[in-house]
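Asker: Okay, sequence plus prediction incoming.
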Amino acid sequence: MVSQTLHRCYLSMMTLPMLLRSLLLASMLSFAVPLLVLGVLIFCLSLFTWLPVSEAVAQIGLEQLLKFLAVFGQGDAFQGVIIIGSTCSLVGTLFDSYAYYQRQSLKDS
């Protein structure tokens with residue numbers, strides 16, 4: 001009985017660094033992906049404003065996107081991007097911790 005308890009304690013100590021690494025990686029990726037998507041979208045709309053055919057549509061789209069981001073950032077679009085990235089990071093971390101819990105509970109049964 002003591003041996004099983006020590007073995008479980010040892011396994012939990014070995015999985016803690018893996019859990020922390022997984023949570024850190026999930027939070028960083030979940031933060032970076034929305035920033036990259038929004039950055040690419042802003043960049044593409046900015047490029048399309050240089051084309052005479054799509055200048056008006058791209059300008060309107062860019063203005064609307066910046067207004068949308070400003071809603072989340074209390075008037076600042078950059079702060080809105082950071083808030084969206086932080087929220088996605090939190091959700092990604094929660095999802096990763098849930099997946100870890102499910103994996104552990106399936107291992108134990």
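Answerer: Received it, and whenever you're ready, just let me know what you need.

Asker: number of nearby residues for residue 50?
Answerer: When neighbours are defined as other Cβ atoms under 10 Å, residue 50 has 9 of them. For the C-beta atoms, the positions are set from N, CA and C on the backbone; glycine is no exception.

Asker: any idea which helix or strand carries the residue nearest in space to the middle of the chain?
Answerer: Nearest residue to the geometric centre of the chain (Cα atoms, centre = their mean): residue 30, 1.9 Å. According to DSSP states H and E, residue 30 maps onto helix 2-48.

Asker: Verify the contact between the residue nearest to the centre of the chain and residue 86 for me.
Answerer: No: using Cβ atoms under 8 Å, residue 30 is not in contact with residue 86, being 9.5 Å away.

Asker: Just give me how far the helix holding residue 30 sits from the chain centre.
Answerer: 9 Å (Cα atoms, centre = their mean, to the nearest Å).

Asker: Can you name the element that comes right after that helix?
Answerer: helix 55-72.

Asker: the inter-axis angle of that following helix versus helix 2-48?
Answerer: 140 degrees (axes from the mean of the first three to the mean of the last three Cα atoms, to 10 degrees).

Asker: May I have helix 55-72 as CSV, with CA atoms only?
Answerer: As requested, the backbone C-alpha atoms of helix 55-72 are provided in CSV (Å, rounded to 0.1, in the frame of the first residue of the first chain):
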residue,chain,number,x,y,z
GLU,A,55,-9.4,51.2,-52.1
ALA,A,56,-12.8,52.2,-50.8
VAL,A,57,-13.8,48.7,-49.6
ALA,A,58,-10.5,48.1,-47.9
GLN,A,59,-10.6,51.5,-46.2
ILE,A,60,-14.0,50.9,-44.8
GLY,A,61,-13.0,47.4,-43.7
LEU,A,62,-9.9,48.7,-42.0
GLU,A,63,-11.8,51.4,-40.2
GLN,A,64,-14.5,49.0,-39.0
LEU,A,65,-11.9,46.5,-37.8
LEU,A,66,-10.1,49.2,-35.9
LYS,A,67,-13.4,50.4,-34.4
PHE,A,68,-14.2,46.8,-33.4
LEU,A,69,-10.8,46.4,-31.7
ALA,A,70,-11.2,49.8,-30.0
VAL,A,71,-14.4,48.6,-28.3
PHE,A,72,-12.4,45.9,-26.5
